[in-house]
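1. Okay, predicted coordinates and the sequence, questions at the end:
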Amino acid sequence: MIIYRELVDKILANDKRSISRAISLVENEEAGSTDLLKLLFKFTGKAYRIGITGPPGAGKSTITNCLIKLLSDNGFNIGVIAVDPTSPFTGGALLGDRVRMADSGMLERVFIRSMATRGSLGGLCSNIVEASDIFDASGKDFILIETVGVGQSELDIAQTADTTIVVLVPESGDSVQAMKAGLMEIADIFVINKSDRAGADLFISTLKNILNLRAPDNAHFNAEVLKTIATKNEGIDLLLREILQHKKHLISSGEFSINRKEHLKRKIIDLVNTRLYIDFWKEQKLTNLEENLDSIYNKSTDPFSFIEKLLMS
Ligand SMILES: Nc1nc2c(ncn2[C@@H]2O[C@H](COP(=O)(O)OP(=O)(O)O)[C@@H](O)[C@H]2O)c(=O)[nH]1
Ligand SMILES: [Mg+2]
């Protein structure tokens, strides 16, 4: 524990190298990283967390880039986490490579970090949350988290974001896909990007129809649908206004703390699940399973009786 006190002090002082080191520790789930998180916990909770998700190629990085610029111009400190399963090794420009830091002030205020999706044992728990906590403790005003909405990651993001933005594009029947992927349920704001392309307005009215069909009790906040052309920086100021509007709504309605407590609960359940999972599936249990597979397959016994014995062993 002692060895982390200095690291914690440096993180609290917004020292970039220390922040980076701490994120690496939690990303690689290194022994002792929990001790670091223990010390940091009481310094978390001030940053506002914005999740940006949606299908690959929808323009999430371009939008994130525009938001970084806008927030930085307003003097805010920003931490950015870009989670891309295809990065960093298989090409695809990393967000960090694309952001042009306009001046040294911006360099000072913006910290971009890419993370791979690996490292979540059993897919039960995500280090995105821990990385966000580190940014949070370092005094960031906003944390932007970009994830590709094609699997588990969009659910992870909804578990830590205060505002979740789902980015879609006019073409290719994304609305239907989005429903399947569970994206509809987590969106606080929909952004229809690439609205320089044909069909944006038609797509928006289709989307709004679908939204109206959502169960009323689900729609505690009527998700806004906004149009952007991120490559021309169009609509980004309105998007930021909408984010801040949503923040205001959350705080005045009391949902802000309700959501954050829910996130905390989810996180604790996930961490316990992961711990139990690791503790349980030791070599001996796996061997036991292997050895009994044939007899279960041959119907000498059934999976359920086997499980009962396994849990007792
Ligand atoms: N025509 C058009 N292209 C865009 C727009 N926004 C982003 N793009 C392009 O779409 C491609 C994918 O963008 P990117 O931000 O990497 O998408 P991501 O995979 O969702 O992060 C890039 O070539 C962008 O330049 C837009 O509003 N209009
Ligand atoms: Mg991207």
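-> Okay, I see it. Ligands and ions are numbered 1, 2, ... in the order given.
2. can you list the residues that contact whatever helix or strand residue 25 lives in?
-> According to DSSP states H and E, residue 25 maps onto helix 16-27. Helix 16-27 is contacted by residues 7, 10-11, 30, 32-33, 36-37, 40, 111, 113, 115-116, 119, 127, 130-131, 134-135, 138 when judged by Cβ atoms under 8 Å, 6 or more residues apart in numbering. All C-beta spots, glycine's among them, are computed from the backbone N, C-alpha and C.
3. Counting neighbours, show which residues of it come out buried.
-> 18-19, 22-23, 25-27 (16 or more other Cβ atoms under 10 Å).
4. for stretch 289-296, same thing?
-> Residues of stretch 289-296 classed as buried: 292, 296 (neighbour count, 16+ other Cβ under 10 Å).
5. what pLDDT, on average, does that stretch get?
-> The predicted model gives stretch 289-296 an average pLDDT of 96.
6. contacts for that stretch?
-> Stretch 289-296 has contacts (Cβ under 8 Å, 6+ apart) with 301-303, 306, 310.
7. of all those residues, which two lie farthest apart?
-> Maximum pairwise distance among those (Cβ to Cβ): 12.6 Å, between 302 and 310.
8. More neighbours: those two, which one.
-> A direct count of neighbours by other Cβ atoms under 10 Å for residue 302 and residue 310 places residue 310 higher, at 14 against 10.
9. shouldn't that one be in contact with residue 287?
-> No. Judged on Cβ atoms under 8 Å, residue 310 makes no contact with residue 287 at a distance of 11.3 Å.
10. neighbours around residue 63, how many?
-> Residue 63 has 25 neighbours, counted by other Cβ under 10 Å.
11. and if you look at residue 262?
-> By other Cβ under 10 Å, neighbour count at residue 262 equals 12.
12. and what of residue 202?
-> 10.
13. Once you drop chain neighbours, what's closest to residue 62?
-> Counting by Cβ to Cβ, 6 or more residues apart in numbering, residue 230 is the residue found nearest to residue 62 once chain neighbours are left out, at 3.9 Å.
14. Tell me who's in contact with that neighbour.
-> Per Cβ under 8 Å, 6+ apart, neighbours of residue 230: 59, 62-63, 65-66, 193-194, 236.
15. in which helix or strand would I find the closest residue to ligand 2 within the chain?
-> As assessed by Cβ to the ion, ligand 2 sits closest to residue 61 within the chain, at 3.3 Å. Assigned by DSSP H and E, residue 61 belongs to helix 60-73.
16. Could you confirm whether any residue of that helix contacts ligand 1?
-> Yes. Contact of helix 60-73 with ligand 1 (Cβ under 6 Å from any ligand atom) involves 60-62.
17. so residue 256 is in which element?
-> Per DSSP H and E: helix 255-280 holds residue 256.
18. pretty sure residue 227 contacts residue 194?
-> No. Residue 227 lies out of contact with residue 194 (Cβ under 8 Å); the separation is 9.4 Å.
19. Where helices are concerned, which of the contacts of helix 16-27 count?
-> Under the assignment DSSP state H, these contribute 7, 10-11, 33, 36-37, 40, 127, 130-131, 134-135 to helices.
20. List buried residues within the residues you listed.
-> Using 16+ other Cβ under 10 Å, the buried members of the ones in helices among the contacts of helix 16-27 are 7, 10-11, 33, 36-37, 40, 127, 130-131, 134-135.
21. Which members of the residues you listed are the farthest-apart pair?
-> It's 10 and 127 that sit farthest apart of those, by Cβ to Cβ, at 20.2 Å.
22. on that earlier part again, how about the contacts of residue 230 in TSV, adding pLDDT?
-> Formatted as TSV, the contacts of residue 230 follow (pLDDT from 0 to 100):
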residue	pLDDT
59	92
62	92
63	95
65	92
66	94
193	96
194	96
236	97
